[in-house]
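Peer 1: Here is a sequence with its predicted model. Questions after.
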Protein chains: 2
Amino acid sequence: MAKRALIQSLSNVDIRLLRIFMTVTECGGFAASELELDIGRSTISKHVSDLELRIGLKLCNRGPSGFALTAEGEKVLEAAHKLMSSIDGFQSEIDDIHSKLTGTLRIGLFDQSSTNPDARIHDAIRHFDMVAPDVALDIALAPPSTLEARVTDGTMDVAVVPIHRQSSLLSYTPLYLEHMTLYCGEGHALFDAPEELSIADLKLGTQKYAGYAFNSPNMKAGRQLGIKRAAQVQEEEALSLLIQSGRYLGFLADHVAETFLRKGTVRPIAPNHTGYSTTFAAITRKKPEPDRKTLEFMSCLRAAHDEVINRLDVS
Amino acid sequence: MAKRALIQSLSNVDIRLLRIFMTVTECGGFAASELELDIGRSTISKHVSDLELRIGLKLCNRGPSGFALTAEGEKVLEAAHKLMSSIDGFQSEIDDIHSKLTGTLRIGLFDQSSTNPDARIHDAIRHFDMVAPDVALDIALAPPSTLEARVTDGTMDVAVVPIHRQSSLLSYTPLYLEHMTLYCGEGHALFDAPEELSIADLKLGTQKYAGYAFNSPNMKAGRQLGIKRAAQVQEEEALSLLIQSGRYLGFLADHVAETFLRKGTVRPIAPNHTGYSTTFAAITRKKPEPDRKTLEFMSCLRAAHDEVINRLDVS
DNA sequence: TCTAAAGTTTCCTTTTTCTGCAACTATAGA
DNA sequence: TCTATAGTTGCAGAAAAAGGAAACTTTAGA
């Protein structure tokens, strides 16, 4: 049996040989292990010989006289068992990585959007927390343009924003609709105007209008009504403030306005003519592909809004 | 990236793929690792993709925009490092098994014993040389009493001697039996005696007897036959010389006598009544414990005589 | 916009590995 | 001595893996 150096640690093949050797010892002979290994005796013989050559030790005595490990064989067997344990350990580490999502998921939302009854983001979060309890959440509110920028540059994993013009770098998943209506606040010139007045009668062009600073359907809707923006905001909350000041017109989401309507502090302006809807979508970046926890959260988002999407037929 | 189950632990190939992956991360990119790995970029790309497929995780983002491990990639890399350590550990265990044995093994034998067909000392030596090729052998022939003394005082590592009274300082490992029969040489008074003569008729008490100078079953056997020692020797070879002189009776091992019998120069005396068996055993000293190469050689001796021991049921 | 760099993909060749068959040797047991 | 068993060896075909060339895609940066 020539002695050949174990040049560089046992690579590839050797592990298979070790497995074969271990099976053979368990079966107590080559013939006995044929079935177990499902390979012929001659092949087993060659493999064991190869292993002996590789390791440089005679591992077992075999022949018509029986099968028996040599002293070295025993030691090698023991070492092999340890090695296999390590390999199994590696396996389960991989399995862990598979099943366990960790790290921090950075979510971005546009303000007020979470109070929309069609927004089921909280449901998605609840579900996600059950699926991936070890992932920490980092939720930030910011204007859509900021959210888009942060998702694009990877400093945020996912965000829910109103869709306007889509970026080719981002992937959009429509979730729900938000309906906006034009409002004015208590004390505004139009607050007590008769309901029968037509849009033309309202002379909207003479009114101050508060809108979003960022590109959105909001701007378009305002322009269509012939009003010009005299104040711009980043948050819807700021917008409702301006409206309630009684000096500005502005669009509010229905669910946001609801509270104020109940208190009687705002009044919708020609709700059947001035309203418009915005689609809110989850955005992720196309490349590099979002990581697993993000994909998982996306799947939770989709599941949570599945019914909403079907009902509203969001484009 | 299709997800394929890691059916049964990572076999064979995967370790190579892991090594490639590790090198790539060290080099910080595919292109950078081309030289290090000495394989082309396309091949590296394929290997890394294969690994990802195998493990079922995206390990790194790469492209013109740069190379970066994913969160999972980091973890896999760490696990891979641990695995490699285990493999190295296995390596060094293997190395230990054969490289720790060096120096000189001093073996003592009683003369003629090696020609006993049941003595597999040569087999043990052959095996030992495979296991510990770097151990030099120093083999000496000497009378049992000398061998015992030298093993006891540590100037000899192991010896094979006929067992008589066991020393509490030595550890005995029975190896094989040697059967002895009483012989006389050509020209002796009993050489031509009729075979039918009983032991009593032979009047052995009147014959000169040559025996070993050291304590052994030989003495006891002689006494039982009522013959008294008129010559003493240290070596069996000397004994056969005296027997062949035609003046002395003496015990010879069957395998030693065989040659002379074939030449017709000796004749067994009442072989069915005068014979006795001696157990040959390997001796080592109990304290201090024999060193590793000696233990290894003992194990070789045991292995080589395993079959003999089982067959003869040596006490 | 253009270019160079980094990877990917496809397709092919070259190696290596795996395997069984058949003939062989060696041993235990009848 | 003969036979059945256990394993070995040489041979050759099959299968798989490794590897590279070339064309392609994508992206950073000039």
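Peer 2: Sure thing, it's come through.
Peer 1: burial count for A:His122?
Peer 2: Neighbour count of A:His122, defined by other CB atoms under 10 Å in any protein chain shown: 10. Every C-beta, even on glycine, is put in place using the N, C-alpha and C of the backbone.
Peer 1: now do A:Ile125
Peer 2: Neighbours of A:Ile125 under the rule other CB under 10 Å: 18.
Peer 1: Could you list which residues are in contact with it?
Peer 2: A:Leu137, A:Cys300 (CB atoms under 8 Å, 6 or more residues apart in numbering or on different chains).
Peer 1: Wasn't it part of a strand?
Peer 2: No. Counting by DSSP: H, G, I helix; E, B strand; the rest coil, A:Ile125 is not part of a strand but helix.
Peer 1: Give me the distance between it and B:Gln244.
Peer 2: 104 Å (CB to CB, to the nearest Å).
Peer 1: Give me the contact list for stretch A:199-215.
Peer 2: Contacts of stretch A:199-215 (CB under 8 Å, 6+ apart): A:143-145, A:164-165, A:184, A:189-190, A:193, A:218-219, A:222, A:225-234, A:239, A:242-243, A:247-251, A:269-270, A:273-274.
Peer 1: could you flag which of the residues you listed are buried?
Peer 2: Buried subset of the contacts of stretch A:199-215 (neighbour count, 16 or more other CB atoms under 10 Å in any protein chain shown): A:143-145, A:164, A:184, A:190, A:218-219, A:222, A:225, A:227, A:229, A:231, A:233-234, A:239, A:242-243, A:247-251, A:269-270, A:274.
Peer 1: who's A:Thr181 bridged to?
Peer 2: With DSSP bridges as the criterion, A:Thr181 is bridged to A:Leu252.
Peer 1: Show me what the helix or strand where A:Leu261 lies is packed against.
Peer 2: In this assignment (DSSP states H and E), A:Leu261 forms part of helix A:254-263. If you count contacts as 3 or more CB pairs under 8 Å, 6 or more residues apart in numbering or on different chains; DSSP states H and E, helix A:254-263 packs onto strand A:170-185, helix A:236-244, strand A:266-268.
Peer 1: Output that helix as PDB, nothing but the C-alphas.
Peer 2: Taking Å, rounded to 0.1, in the frame of the first residue of the first chain, the C-alpha atoms of helix A:254-263 are listed here in PDB:
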ATOM      1  CA  ASP A 254     -61.900  60.200   3.300                       C
ATOM      2  CA  HIS A 255     -60.800  58.300   6.400                       C
ATOM      3  CA  VAL A 256     -58.800  61.200   7.600                       C
ATOM      4  CA  ALA A 257     -61.600  63.700   7.100                       C
ATOM      5  CA  GLU A 258     -64.100  61.500   8.800                       C
ATOM      6  CA  THR A 259     -63.100  62.600  12.300                       C
ATOM      7  CA  PHE A 260     -63.200  66.300  11.400                       C
ATOM      8  CA  LEU A 261     -66.500  65.800   9.600                       C
ATOM      9  CA  ARG A 262     -68.000  64.400  12.800                       C
ATOM     10  CA  LYS A 263     -66.800  67.400  14.700                       C
END
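Peer 1: got the buried residues for it?
Peer 2: A:Asp254, A:His255, A:Val256, A:Ala257, A:Phe260, A:Leu261.
Peer 1: cool, stretch A:283-297 as well?
Peer 2: For stretch A:283-297, the buried set under the neighbour-count rule, 16+ other CB under 10 Å, comprises A:Ile283, A:Thr284, A:Arg285, A:Pro290, A:Asp291, A:Arg292, A:Lys293, A:Thr294, A:Glu296, A:Phe297.
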